[in-house]
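K.L.:
From the sequence below, what's the structure:
(one chain, ligands or ions: 1)
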Amino acid sequence: MYTAIDNRYETMPFRRCGKWGLKLPAVSLGLWHNFGGVDVFENGREMLRLAFDLGITHFDLANNYGPPPGSAEENFGKWMKQDFRPYRDELVISTKAGYLMWPGPYGEWGSRKYLLASLDQSLKRMGLDYVDIFYSHRPDTDTPLEETMMALDQAVRSGKALYAGLSNYSAEMTSKAAAILKELGTPCLIHQPKYSMFERWVEGGLLDVLETEGIGCIPFSPLAQGLLTDRYLKGIPDGSRASKSWGFLKPHQVAPALEKVKKLNQLALNRGQSLAQMALAWLLKDKRITSVLIGASSVRQLQDNVETLRNTVFSEEELQIIENILEGNS
Ligand SMILES: NC(=O)c1ccc[n+]([C@@H]2O[C@H](COP(=O)([O-])OP(=O)(O)OC[C@H]3O[C@@H](n4cnc5c(N)ncnc54)[C@H](OP(=O)(O)O)[C@@H]3O)[C@@H](O)[C@H]2O)c1
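P.N.:
A predicted model of the protein is given here:
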C-alpha cells in the first residue's frame, strides 16, 4: 500500500500553462519508454511513486506508448488502481491520439472518428473517467483542421477531457488551430513540442505564437532521449535506450553528438551540476516554458533530474559558451 509523503509540495515549483489557471510542476514525467509491456512493472511503479513524492503531479501518456502500443496506459491503469486512486484530484494525466494505433483508415492521424474512439479506448485502458489534457498528437494535412479541433472540443464538452492540447504542430498551424479552438469555446491550453539544446526549431516562431496566445509549452525529449546526459560518455551501455531494439534513439545517433556532449558535460560539472540537470535548467530559464517533460529509466535518474531545480540560473558568459558549443565554434 502506497501513501504519498506529506511534504511532497514543499520544493517543487509550479508554473501556469500560459495564461490559464492550470499549473504544472516544473518537471513532469512521460511514460513513452520504460513503462510498457516489455519493461519491468515494479520499476515503473517505483518511479511513479517517487515522482509523486517529489512533487511531480503530471504524468504524460499517449495511446501508442509501450511497446506494445497501449501497454503503458494499461500499466498506468494498474498503478492508478493500486497506488494513486486516492490522489486522482492531485494529478494531471494527459493522453494523445495521432499516431498509428489500429489497422485501417480510422486508426491514426486526425479525423474526429479516430480521435474520439481513441480517447474512449485510452480511458478504458487507464480505468479513468476523464483525462486532464487530451492532445492531437500530430497535425494531419489530409483532414481539415476544423475537424480535428472540433474533436478536441467535443472531448472537452463531453467531460472526457478537461483541457485540449496540440503536439508537433508548426507555429503557423498552431495559430490557426488556436483560433478555431477559441471560436469553439475550448481554448488551447498547451503545446507539446520537441525542444532541447539539440533541437531548437521552436525558437523560430512557435514560442512567440504560444506567448502571444497565452498557451503553455511543455517540451518533450528535453534530454534528447538521453544524449544530453552522461549516459553515453563511455559508449552505449546495456539497457540504455540506444541499446534497445525498440528504443527510438538509434545507436548511429550517439557518436555524432559526443563531441558536443563532452564539452557540455564539462561546463555542467563546472557549474556543479550533472549534464542532465544543466540541459533541463537551460530550458527552464525561459519563462514561456511551463514544464520540462522528461523520461527516466530509474529512480536515480528521476532524482537527479528533479535536483535540477536547485540551480536554473545561467550567467551571460555560460549562455555564450553553450551557444558556441552547440554551434560547433568551440
Ligand atoms: N508529443 C510527442 O510527439 C512526444 C514524443 C516523444 C516523447 N514525448 C513525451 O516526452 C516524454 C519524455 O521523452 P523522452 O523520454 O525522450 O525524454 P528525455 O528526458 O529526453 O530522455 C529520457 C531518457 O534519458 C535518459 N536519462 C534521463 N535522465 C537521465 C539522467 N539523469 N542521467 C542519465 N540519463 C538520463 C534515460 O535513458 P535510458 O532509458 O537510456 O536510461 C531516459 O529514458 C515521453 O515519455 C513522452 O511523454 C512526446
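K.L.:
and stretch 257-265, how far from the chain's centre?
P.N.:
Offset of stretch 257-265 from its chain centre (C-alpha atoms, centre = their mean, to the nearest Å): 24 Å.
K.L.:
CA atoms only for it - export them in PDB, please.
P.N.:
Extracted in PDB, the C-alpha atoms of stretch 257-265 (Å, rounded to 0.1, in the frame of the first residue of the first chain):
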ATOM      1  CA  ALA A 257      26.700  14.000 -30.700                       C
ATOM      2  CA  LEU A 258      29.600  13.000 -28.500                       C
ATOM      3  CA  GLU A 259      32.000  15.900 -29.100                       C
ATOM      4  CA  LYS A 260      29.400  18.500 -28.100                       C
ATOM      5  CA  VAL A 261      28.100  16.300 -25.200                       C
ATOM      6  CA  LYS A 262      31.600  16.100 -23.700                       C
ATOM      7  CA  LYS A 263      32.100  19.900 -23.800                       C
ATOM      8  CA  LEU A 264      28.600  20.500 -22.400                       C
ATOM      9  CA  ASN A 265      29.300  17.900 -19.700                       C
END
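K.L.:
Does it reach the ligand?
P.N.:
No. Contact of stretch 257-265 with the ligand is not found when judged by C-beta under 6 Å from any ligand atom; the minimum separation is 10.9 Å. (C-beta placed from N, C-alpha, C; glycine too.)
K.L.:
Next, the contact list for residue 81, please.
P.N.:
residue 127 (C-beta atoms under 8 Å, 6 or more residues apart in numbering).
K.L.:
mean confidence score for the helix or strand where residue 135 lies?
P.N.:
Under the criterion of DSSP states H and E, residue 135 resides in strand 131-136. For strand 131-136, mean pLDDT is 99.
K.L.:
Number of residues surrounding residue 288?
P.N.:
Residue 288 has 15 neighbours, counted by other C-beta atoms under 10 Å.
K.L.:
if I look at the closest residue to residue 156 other than its chain neighbours, how far off is the ligand?
P.N.:
Excluding its sequence neighbours, the residue lying closest to residue 156 (C-beta to C-beta, 6 or more residues apart in numbering) is residue 186, at 4.6 Å. Separation of residue 186 from the ligand (C-beta to the nearest ligand atom, to the nearest Å) stands at 20 Å.
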